[in-house]
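J.: my questions are about this predicted structure, shown below with the sequence.
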Amino acid sequence: MDLNLKKDRNVRRKPSVDVSTMVYGKVPPQSKDMEEAVLGAIMLEKGAFDTVVEILKSDCFYVDANQKIFNAMIRLAGKSMPVDILTVVEELRFMGELDTVGGPFYVTRLTNAVVSSANVEAHARIILQKFIQRELIRISGEILSESYEDTADVFDLLDSAESKLFEITNNHLRKNYDSIDRVLVNTMKRIEDLRNKGDDITGVPSGFPSLDKVTYGWQPTDLIIIAARPAVGKTAFALNLARNAALHPKHPKGAAIFSLEMSSGQLVARILSAESEIKLEKISRGKLEEYEMKKLMTHGVERLAKAPIFVDDTPALNIFELRAKCRRLVHNNGVGVIIIDYLQLMSGSADGKNTNREQEISKISRDLKGLAKELQVPVIALSQLSRDVEKRKDGNKMPQLSDLRESGAIEQDADMVLFLYRPEYYDINQNENGESNKGETHVRIAKHRNGQLDTIKLRAILEYQRFEDDGSLENPGGNAGYQGGNNSFAGMRPGTAGGNDEAKLYIQKGSKMNDMDFGDEGFEDAPF
């Protein structure tokens, strides 16, 4: 009987399924030997930690004990203490984690896994590769699960997937330093190109010669803040910048407009008004005479249809969604300038929640600066001003840097800060000579990291949503320029603005696919 029982036990112990063939029996990518070798090298060689910490973070280690040991090393380095077997063991004991990692024996055993730190960088990069593979598997699983949900918004899924993938790149694949000789070669090449170019504009043109004379165009990697009180004309000015950039005769650049305040239809109506010189009120109400309708089509719709302008009116846009969309626009459509209307309406986190609004605005401004550097394009963000301007008793209503609303980080992160000021906004209808100053607009450059400070005077014709560089305002070098209505860019061949004849005025509606209207307005196209 005992023999039969023993026989039955042997039968039960025999595996009936080959574990290696099980679909969910796969082991995540890992390299325990490399992890032990790297940790051992750090405790053997003094400079090994500095090499590894530039490549790896604690969560890159697969083994939980190895994560805790690397965290102990980071804490020691933060205290400017040496990293060796004794200090690591003592730090783990102090944190109450020594027993969970396997005691002093396991820490000591790590040094037996390596002879020297000669190959520690190569070993660290292999660990990083394994970690990225694990993260891609995790993210792919999340995307797969979310995609099966019937209630999922397809655009939210795309934004979420791209932001998660970008987070891996941003957090773990950082650019290394360059030696000065390599930077010098690139810098001299750029200087030589500018010399041969024979043009004062080195960035994206604003369309206003007097402004371009000071800024030399909006420069790549710059964060430009344009601030003013409500109803001064921030949005109209920004749309003029986008239109001028896209339709510039010499340096056309694609422009992306992200509007968190107005719908795409309202924005396009403003651009049409500026381009065709038909009053915005008439366009908005549809009260157009026959000749005005023809003018709107020939001088507005036909020209703008060829302009590389992209409009997105997604409400409550957060910085992760913005970054994902901008990367696609720059890489796929050659966008050269990004305009955001306006900064205070953005949210800094994916869920739009943050207990401290000032910290959230600070993060948004830092991320916008990082976006400009990453994509190598200027980012223009509109901003509101605080009511402190109105409270001044000395009569001087010209905005100052301290008037920027909600965060001093905006002033700190920006490469350029411009303030719009119209005297008539404060019922000042005459200048010092008693002449009418209707439409006179001061563009004050209050901060310019790479250039001079100045105040430029433009003429605002807000009934047409236009700003003009009026030479009568005594601008240095000012003239009517090339931003003038239906006569602007005369003689330019169709299609040259966008680099091809198939360029369109693209409008992306809100993020909900079911809410998207394709063709409700004659000048809207689907975003895909």
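T.: Nice, I can see it. Being a predicted model, the structure only gives us computed values, none of them experimental. Numbering: from 1, shown residues only.

J.: where along the stretch 401-528 of the chain do the strands fall?
T.: Along the stretch 401-528 of the chain, counting by DSSP state E, counting those that start in this stretch, strands occupy 416-421, 440-448, 454-461, 466-468, 505-508.

J.: nearest to I309, out of the ones you listed?
T.: Closest to I309 of those, according to Cβ to Cβ: strand 505-508, at 5.1 Å. For every residue, glycine as well, the C-beta is placed using N, CA and C.

J.: next secondary structure after the longest helix belonging to the chain?
T.: When the chain is parsed with DSSP state H, its longest helix is helix 120-147. Where DSSP states H and E defines the elements, the next helix or strand beyond helix 120-147 is helix 154-172.

J.: packing partners of that following helix?
T.: Packed against helix 154-172, as judged by 3 or more Cβ pairs under 8 Å, 6 or more residues apart in numbering; DSSP states H and E, are the following elements: helix 120-147, helix 319-333.

J.: comparing these, which comes out most buried?
T.: helix 319-333 (a mean of 19; mean count of other Cβ atoms under 10 Å).

J.: could you say what helices and strands that helix packs with?
T.: With contacts taken as 3+ Cβ pairs under 8 Å, 6+ apart, helix 319-333 sits against helix 154-172, strand 254-259, strand 309-312, strand 335-341, helix 357-375.

J.: K234 reaches I380, doesn't it?
T.: No: applying Cβ atoms under 8 Å as the test, K234 and I380 come out as separate, 10.5 Å apart.

J.: returning to what we had before: angle of the longest helix of the chain against helix 154-172?
T.: Relative orientation of helix 120-147 versus helix 154-172 (axes from the mean of the first three to the mean of the last three Cα atoms, to 10 degrees): 170 degrees.

J.: C-terminal to the helix or strand bottoming out on mean pLDDT in the chain, what's the next element?
T.: Ranked by mean pLDDT, DSSP states H and E, the weakest helix or strand in the chain is helix 2-13, scoring a mean of 47. The element immediately downstream of helix 2-13 (helix or strand, assigned by DSSP H and E) is helix 32-44.

J.: quick one: contacts of that next one?
T.: 48-49, 52, 56, 61-63, 66, 69-70, 73, 83-85, 88, 107, 109-114, 116-117, 120, 123-124, 126-127, 130 (Cβ atoms under 8 Å, 6 or more residues apart in numbering).

J.: if we can go back for a sec, mean pLDDT lowest where, among the helices and strands packed on helix 154-172?
T.: Lowest mean pLDDT of these: helix 319-333, a mean of 80.

J.: ok, and what's touching it?
T.: Helix 319-333 is contacted by residues 158-159, 162-163, 166, 254, 256, 258, 308, 310, 312, 314, 335, 338, 340, 346-350, 363-364, 367-368, 371, 374-375, 377, 506, 508, 511 when judged by Cβ under 8 Å, 6+ apart.

J.: ok, 6 Å please
T.: With contacts defined as Cβ atoms under 6 Å, 6 or more residues apart in numbering, helix 319-333 is touched by 159, 162-163, 254, 256, 310, 335, 338, 348, 350, 364, 367, 371, 375.

J.: just how off-centre is it within its chain?
T.: For helix 319-333, the distance from its own C-alpha centre to the chain's C-alpha centre is 7 Å (Cα atoms, centre = their mean, to the nearest Å).

J.: ok and it relative to strand 335-341, angle-wise?
T.: Relative orientation of helix 319-333 and strand 335-341, computed by the same axes, to 10 degrees: 150 degrees.

J.: angle of helix 319-333 against helix 357-375?
T.: On the basis of the same axes, to 10 degrees, helix 319-333 is oriented at 20 degrees to helix 357-375.

J.: can you tell me how far the residue lying closest to I85 once chain neighbours are set aside is from Y62?
T.: For I85, ignoring the flanking residues on the chain, the nearest one in space by Cβ to Cβ, 6 or more residues apart in numbering is M43 at 5.4 Å. Distance, M43 to Y62, by Cβ to Cβ, to the nearest Å: 19 Å.

J.: now swap in T51 and tell me
T.: Distance of T51 to Y62, computed by Cβ to Cβ: 20 Å.

J.: now swap in V89 and tell me
T.: The gap separating V89 from Y62 is 22 Å, by Cβ to Cβ.

J.: who's in contact with the residue nearest in space to the middle of the chain?
T.: Nearest to the geometric centre of the chain sits L371, at 3.2 Å (Cα atoms, centre = their mean). Going by Cβ under 6 Å, 6+ apart, L371 touches 323, 379.

J.: report pLDDT for A526.
T.: Value listed for A526 in the pLDDT field: 35.

J.: what about stretch 84-102, how long is it end to end?
T.: Terminal residues of stretch 84-102 are spaced 17 Å apart (Cα to Cα, to the nearest Å).

J.: ugh, wrong one, stretch 74-82
T.: This stretch, stretch 74-82, spans 11 Å end to end (Cα to Cα).

J.: buried ones in it?
T.: By 16 or more other Cβ atoms under 10 Å, the buried positions in stretch 74-82 come out as 75-76.
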